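**Student:** Here is a sequence together with a model predicted from it:
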Amino acid sequence: MFKEKRCPPSKSDGGPTRIRDEHPYYTDIIEHSIIPHKISPSFIAKLYLDDGLSSSQIAEKVGLSKTAVLERLRSLGIRKGDKKSSPNSKENYQLPHAPFGYKKVEGKIVPNKKEIKICRMIVTKINDEKMSYRATAKFLVSKKIKNRKGEISWGHSVIKSIYERWNGKL
């Protein structure tokens with residue numbers, strides 16, 4: 001019915017490609033060789049539990065897929081969330097944005113001096129001057145103090161979050 005023509009192996013995958021000639025659509029069959037990675041589950045468990053790396057970080061480091069890493073952890077009875085450190089630990093911060101008052105530097109969060117001044121002002125206004133969260137937000141806007149995005153905009157929920165994080169620490 002269709003004539004099959006075998007092409008030489010392509011450089012990208014090393015496998016032969018078959019093309020059906022007398023048909024408007026071409027079918028490519030790519031043959032892959034799968035080489036199992038010989039990385040012990042105990043090594044992966046050490047990275048996950050002791051070093052606090054995420055499954056994605058481990059996958060990138062050892063050259064496995066995230067699924068393969070999770071399978072090796074499961075084989076040892078380790079489930080997601082069993083590790084000592086959380087994704088927002090200061091030493092291995094994995095969340096996309098650092099909380100207000102901190103900045104991310106090489107996967108760690110360190111205090112941001114400019115934002116710490118604002119945090120200190122918020123805590124002082126609420127504790128010493130007995131301002132509400134909403135009044136503190138209005139005060140920052142009236143003083144034209146910019147938020148992290150560079151806007152002169154503050155909400156009471158942001159002020160509450162900052163206050164709860166920094167009260168007693170500054």
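**Tutor:** Yep, that arrived.
**Student:** For residue 105, grab phi and psi.
**Tutor:** Note on residue 105: its backbone torsions stand at phi -140, psi 110 [degrees, to the nearest 10].
**Student:** okay, now it: neighbour count?
**Tutor:** Applying other Cβ atoms under 10 Å, we find 11 residues neighbouring residue 105. The C-beta positions use only the backbone N, C-alpha and C, and glycine is treated the same way.
**Student:** and the nearest residue to residue 102 once chain neighbours are set aside, what are its bridge partners?
**Tutor:** Leaving out its chain neighbours, the residue that sits closest to residue 102 by Cβ to Cβ, 6 or more residues apart in numbering is residue 109, at 4.3 Å. Beta-bridge pairing for residue 109 (DSSP bridges): residue 104.
**Student:** contacting residues for residue 109?
**Tutor:** By Cβ atoms under 8 Å, 6 or more residues apart in numbering, the residues touching residue 109 are 90, 93, 98-99, 102-103.
**Student:** same deal with residue 76?
**Tutor:** By Cβ under 8 Å, 6+ apart, residue 76 lies in contact with 41-42, 45.
**Student:** any idea of the pLDDT on the residue nearest to residue 102?
**Tutor:** Among the per-residue scores, residue 109 holds a pLDDT of 86.
**Student:** Packing partners of the helix ranked longest in the chain?
**Tutor:** Longest helix in the chain by number of residues (criterion: DSSP state H): helix 113-127. Counting contacts by 3 or more Cβ pairs under 8 Å, 6 or more residues apart in numbering; DSSP states H and E, helix 113-127 packs against helix 133-142, helix 156-166.
**Student:** Can you name the residues in contact with that helix?
**Tutor:** By Cβ under 8 Å, 6+ apart, helix 113-127 touches 100-103, 131-133, 135-136, 139-140, 145, 148, 159, 162-163, 165-167, 170.
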